[in-house]
Structure formats: structure tokens, C-alpha cells
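*Asks:* Return atomic coordinates for the entry below.
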Amino acid sequence: MNKVIMMGRLTKDPEYKVTQDGKELAKFSIAVDRRTGKETDFFNCTTFGKTAQFAEKYLKRGTKVALTGRIENNSYTNKDGQKVTSTGIIVEEAEFAESKKAAEAPEEPKKTDWLPTDVDDELPFKF
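*Replies:* Have a look, this model is predicted:
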């Protein structure tokens, strides 16, 4: 089984095009943080059809997305006669991973001063 699920932010706006045989495709790359939060991996992504239309219409640099798809290896011989291998993600589904409001505004610190200061002894719990 070849299935990948990842969440990351687009590193640039998608490149959308229609091929000579009428296939719609969009290419973009995403930055995915590792669990440690200290390193980031970058993946080239390609999507087709309705998902390509979605990417072209709604996604832009910095958008946080959740993707499902498959990993695909491609190899070809370049103009110098060298064999080149690349790995990319073929995106089958894409969806927003944060709200538009969250993407536009920085996160505000949570306030804990909503309680009056003179009622601490009356509360059944402590902060």
C-alpha cells in the first residue's frame, strides 16, 4: 500500500496548467515540520482534476493544508546523459488545516485576568 498523509504550509503559490491532452494539473511544494519541531522537510506535490482546480483557486503561499495521496518515484535521463531520480507526492485530496481567520491573524495570548482579584477565597478551586 502506498498512502501518505501530511500537513504543512505551501512554500509558493501553485502552478496551474492544462496539458495538451486537456488534463488539469497543479504543482506546488509544502514545508512539513518534523515532530521535534527543529527540522523541516520540503515535498514537491502534483495534483490533477478537481483537486488541481481547488489548489489553483484557493491555495497560496503560506496556506496550511492537510494532504492525502501517494509517493511516486520518477527517473529520466537529462540532456547530459545522466540518470536523474526524483520523488514527489501525488495529491489525491487536499483540505484547509486552519481557518481563514487563524491564517490571517497572529494568535493572541490567552488572558487569565477575567476573574476579580478579591474573590480568590470564595472559589472552590485555585489557579
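*Asks:* residues in contact with the nearest residue to residue 15 once chain neighbours are set aside?
*Replies:* Nearest residue to residue 15, sequence neighbours excluded (CB to CB, 6 or more residues apart in numbering): residue 27, at 4.8 Å. In this view, the C-beta of every residue, glycine as well, is placed from N, C-alpha and C. Residue 27 makes contacts with 14, 15, 44, 45, 46, as judged by CB atoms under 8 Å, 6 or more residues apart in numbering.
*Asks:* Low-confidence stretches in the chain?
*Replies:* For the chain, the stretches flagged by pLDDT under 70 are 102-127.
*Asks:* Which parts of it are strands?
*Replies:* In the chain, the segments counted as strands under DSSP state E are 4-10, 15-18, 24-33, 40-48, 64-77, 83-96.
*Asks:* List the strands paired with the first one, with their directions.
*Replies:* Here strand 4-10 is paired, per DSSP bridges, with strand 24-33 (antiparallel), strand 64-77 (antiparallel).
*Asks:* what do you get for the fourth one?
*Replies:* The partner list of strand 40-48 in its sheet, established with DSSP bridges, is strand 24-33 (antiparallel), strand 83-96 (parallel).
*Asks:* Near residue 6, how many other residues are there?
*Replies:* 16 (other CB atoms under 10 Å).
*Asks:* how far does stretch 52-62 sit from the chain's center?
*Replies:* 11 Å (CA atoms, centre = their mean, to the nearest Å).
*Asks:* Go through it and flag the buried ones.
*Replies:* 52, 54, 55, 56, 59 (16 or more other CB atoms under 10 Å).
*Asks:* Name the residues that touch that stretch?
*Replies:* 9-14, 16, 24-26, 28, 47, 65, 91, 94, 96, 103.
*Asks:* try 6 Å this time
*Replies:* Contact with stretch 52-62 is made by 9, 10, 12, 13, 14, 16, 24, 25, 26, 47, as judged by CB atoms under 6 Å, 6 or more residues apart in numbering.
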